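Participant: Below: sequence and its predicted model.
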Amino acid sequence: MEIRKGIGVSPGVVISTAIVLDAEDLVIPKRKIESDQIASETQRLGNAMAECVVALTRLRDQLAQEHGKDIGNIINVHLMILNDRSLLQQFLSEIQKSLFTAEYAVSVVMRRYAAKFATMSDTMMADRVKDVHDIERRILRALIGARHEDLAHLSQDVIVIAHDLLPSQTAALDKRHVKGFATDVGGRTSHTAIVARAMGIPAVVGLGDIVAQISGGDTVIINGNTGVVIINPDEETLAESRDEERARSKVEAELLTLRDFPAVTLDGHVVSLQANIEFPGEIDDAIGRGAEGIGLYRTEFLYLSAEQEPTEEEHYAAYSEALKRLNGRPLVIRTLDLGADKYTRLQASSPEKNPFLGDRSIRLCLHDIPMFKKQLRAIMRASVLGDVRIMFPMISTLMELRQAKMILSDVMEELEDEGIEFRRDLPIGIMVEVPSAALMANQFAREVKFFSIGTNDLIQYTLAVDRTNEKVAGLFCPAHPAVLSLIRDVIRAGNKNNISVSVCGEMAGEPLYTLLLLGLGLTTFSMNGPDVPEVKKVIRSTTIEHARQVARRVMSFDSERQVMHFLREETRKIVPEVF
Amino acid sequence: MKDDTTITAVHPSSFRVHPSTMMPTATRDIVVSNQMGLHARPAMQFVDLANQFNSTITVKKEAPEPVTADGKSVMEMIILEATLGTPLRIEADGEDAEVAVVKLAELFETKFGEE
């Protein structure tokens, strides 16, 4: 049994089997074989190694031709290692004596060698460990093949262990069976944390070298509250964790009973609680927890989980599925918000120096109109299937908004010419996340049907903080008076112009801010599905009058700390169990 | 690295018969003299040559810890971490043991063609 501590970034406790992703998404499948499989496993290994030798020889000859004999030398070392009989002897021994699968045998032996390199004092020689890793990967790839699809079709519940999880990797995972995440790197605001919270599963990040410690098939306990990860727990620990898991499920179940009750204050003020999703598959769970609709459908995952740009049909399929599951409930589709920390698998353009302030999102779309139109067409076609609204992200100027609306009109004309049905009066809105849009909320309010305040990015831009940079992430705070001031003004502008305003950033799902947002006049909150019950609890436990009082008080403070302290006190008074 | 027989003290290599196999054994002591030690390329050369002999070939290092490497395994030869100045004992067991150790020692003596 091994115990490791990292940063708990998504609450909950889970006990399950580990599946380990290496940097190239290779999953080391099970460890053991039966004795009657020794012959076939040995054969597999032999074939895989022969394949590697052939491939490397071809590569070497090709390189030697193009660049001269010297370049081919490093490959010669690899070839020699692949032909190394001591190595082969060890592989075979693990298969035959330890009854390991070929993959596990290779992994165990190569890691043993790698460990020896780690003890070398001569750095140049120690550097050769890279060759060991390279060869291990090469043989494993030959054994496993490109098994990306395995991740999309898991047959049992698993906890995913990886160095880091990129959006492109999480997009490809079979969500039904993933019960938790553990990564080497990352912090509270990394992608792993966000996806885990959206999925309502525990996650621990910043574990350092957890990938090296765990093998596929190990039993792992993840505690997303304490940040503790236990590998191959003993009986006692296992029993304790099961108790914890049970206790937590009980609390969750209690909150779930709120599902069918409306989000209305004690004095009858009604608000709408909706969910943020990345895939249609999350809808059922969100509704199950009480979400009344989808306030933010992040569509970039359509781009990240595919090998190339999604076609109009692929877009349409996702939107129609989402609407089917929603069964009449509203769906707000946000157009492509790619760029910054969510690079597509195909991104070939040179990396920008400042991606957050660069060619992303609506800007990218306005630069690539054919790509933009594909998505718009699909959204327009889907508009006849249910209550669809469209939202443009990262709008910073009125010009951008007008351009986007013009392209949308073009699309409508095209569809009309083609005789395809769509809803002409589809409500158009914008994400208010760039400070310029927030500061000009009044002008923008006249040209759209709704606002959605993207607090995550609004806070970043307003406070000039990169939320993924652990060195300064502490400065990222929704309670900053400047941010609150902008939020208040946007809500006011919306109410004055009779358009609906929602908050769809993480702030909407944090019970700490519910009283404040309610008191500032917010009527729609869109959050991760799992957060709905708690927010609803707060709303149902207060009056709108009280919320307004709280808000007025908060707006008089000049520090985040004051704000948070006050809100914590006030919320605890009415819903003590939430904290 | 000193053997307790006087033969070793006089000649750097010794020729004996292995007690259990009755096959000839030969040893040669050398000191690594290339600048970069026995890195990948020389290790490869050594193993290439070693593989041409029928005898089993081992290479032993005493300090900082005793390690024995299979002279025909490039992985083991690289892991030996035979840096500049490391004393090594090359041992061969088999019919061509004597010529094996001589040839292999020569590689070290000629610094594997480097410099």
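Facilitator: Thanks, I have it. Residues are numbered from 1 along each chain as shown, chains lettered A, B, ... in the order given.

Participant: So which residue is dead centre in the chain?
Facilitator: As the question left the chain open, I've gone with chain A. Nearest residue to the geometric centre of chain A (CA atoms, centre = their mean): A:V195, 3.2 Å.

Participant: oops, I was thinking of chain B
Facilitator: Centre-nearest of chain B using CA atoms, centre = their mean is B:I90, 2.2 Å out.

Participant: Surely that residue is in contact with B:A105?
Facilitator: Yes. Between B:I90 and B:A105 a contact is recorded at 6.0 Å, counting by CB atoms under 8 Å. C-beta: built from backbone N, CA, C; applies to glycine.

Participant: Need the overlap of contacts for the two.
Facilitator: Common contact partners of B:I90 and B:A105 (CB atoms under 8 Å, 6 or more residues apart in numbering or on different chains): B:28, B:30.

Participant: Tell me, please, the helix or strand in chain B that averages the lowest pLDDT.
Facilitator: Lowest on mean pLDDT, DSSP states H and E among the helices and strands of chain B sits helix B:6-10, with a mean of 37.

Participant: Up against chain A, what does chain B have?
Facilitator: B:36-37, B:39-41, B:44, B:47-48, B:70, B:72-76, B:78-79, B:81, B:83 (CB under 8 Å from any CB of the partner chain).

Participant: Narrow those to just the buried residues.
Facilitator: B:36-37, B:39-41, B:44, B:47, B:70, B:72-76, B:78-79, B:81, B:83 (16 or more other CB atoms under 10 Å in any protein chain shown).

Participant: Walk me through the regions of chain B where pLDDT falls short of the threshold, as ranges.
Facilitator: Low-confidence segments of chain B (pLDDT under 70): B:1-22, B:115.

Participant: Quick check: nearest residue in space to whichever residue of it sits closest to chain A, chain neighbours excluded?
Facilitator: Closest contact between chain B and chain A, by CB to the nearest CB, is at B:S73 (3.4 Å). Nearest residue to B:S73 in three dimensions, chain neighbours excluded: A:S86, at 3.4 Å (CB to CB, 6 or more residues apart in numbering or on different chains).

Participant: give me every residue that touches that neighbour.
Facilitator: Counting by CB under 8 Å, 6+ apart, A:S86 has contacts B:70, B:72-73, B:75-76.

Participant: and which of these is nearest to A:V13?
Facilitator: Nearest to A:V13 among the contacts of A:S86, counting by CB to CB, is B:M75 at 42.6 Å.

Participant: and that closest one, which of the three is it?
Facilitator: Here B:M75 is helix, with the state taken from DSSP: H, G, I helix; E, B strand; the rest coil.

Participant: Determine the longest helix present in chain B.
Facilitator: Across chain B, the longest stretch assigned as helix under DSSP state H is helix B:97-109.

Participant: Against which helices or strands is that one packed?
Facilitator: strand B:13-17, strand B:24-31, helix B:40-50, strand B:87-93 (3 or more CB pairs under 8 Å, 6 or more residues apart in numbering or on different chains; DSSP states H and E).

Participant: repeat that for 10 Å
Facilitator: strand B:13-17, strand B:24-31, helix B:40-50, strand B:56-61, strand B:87-93 (3 or more CB pairs under 10 Å, 6 or more residues apart in numbering or on different chains; DSSP states H and E).

Participant: picking up where we left off before, give me every residue that touches the residue of chain B closest to chain A.
Facilitator: Applying CB atoms under 10 Å, 6 or more residues apart in numbering or on different chains to B:S73 gives the contacts A:80-81, A:83-90, B:43, B:47, B:50-51, B:57, B:59, B:79-80.

Participant: can you do 8 Å?
Facilitator: Counted by CB under 8 Å, 6+ apart, B:S73 has contacts A:84-87, B:47.

Participant: surely A:V158 meets A:V178?
Facilitator: Yes. With contacts counted by CB under 8 Å, A:V158 reaches A:V178, the gap being 6.2 Å.

Participant: just to revisit the earlier point, okay, the residue nearest to B:S73 and B:E81: tell me how far apart.
Facilitator: 16 Å (CB to CB, to the nearest Å).

Participant: what's the answer for A:L143, then?
Facilitator: 30 Å.

Participant: Which residues are in contact with the residue lying closest to A:G12 once chain neighbours are set aside?
Facilitator: Once flanking residues are discounted, A:G12 sits nearest to A:P202: 3.7 Å by CB to CB, 6+ apart. Contacts of A:P202 were listed using CB under 8 Å, 6+ apart, and they are A:8, A:10-14, A:179-181, A:196, A:222-225.

Participant: which element is A:I395 on?
Facilitator: Following DSSP states H and E, there is no helix or strand that holds A:I395.

Participant: what about it, how many neighbours?
Facilitator: 24 (other CB atoms under 10 Å in any protein chain shown).

Participant: Cross-check the contact I'm expecting between it and A:Q403.
Facilitator: No. Counting by CB under 8 Å, A:Q403 is not a contact partner of A:I395; they are 10.1 Å apart.

Participant: any idea of the pLDDT on A:T524?
Facilitator: We have a pLDDT of 97 for A:T524.

Participant: which residues does it form a beta bridge with?
Facilitator: A:S272, A:S502 (DSSP bridges).

Participant: Check for me that the residue nearest to B:S73 belongs to a strand.
Facilitator: No. According to three-state DSSP, the state of A:S86 is helix, so it is not within a strand.

Participant: distance of it from B:A50?
Facilitator: The value you get for A:S86 to B:A50, if CB to CB is used, is 12 Å.

Participant: now A:M507
Facilitator: 68 Å.

Participant: for A:I3, same thing?
Facilitator: 46 Å.
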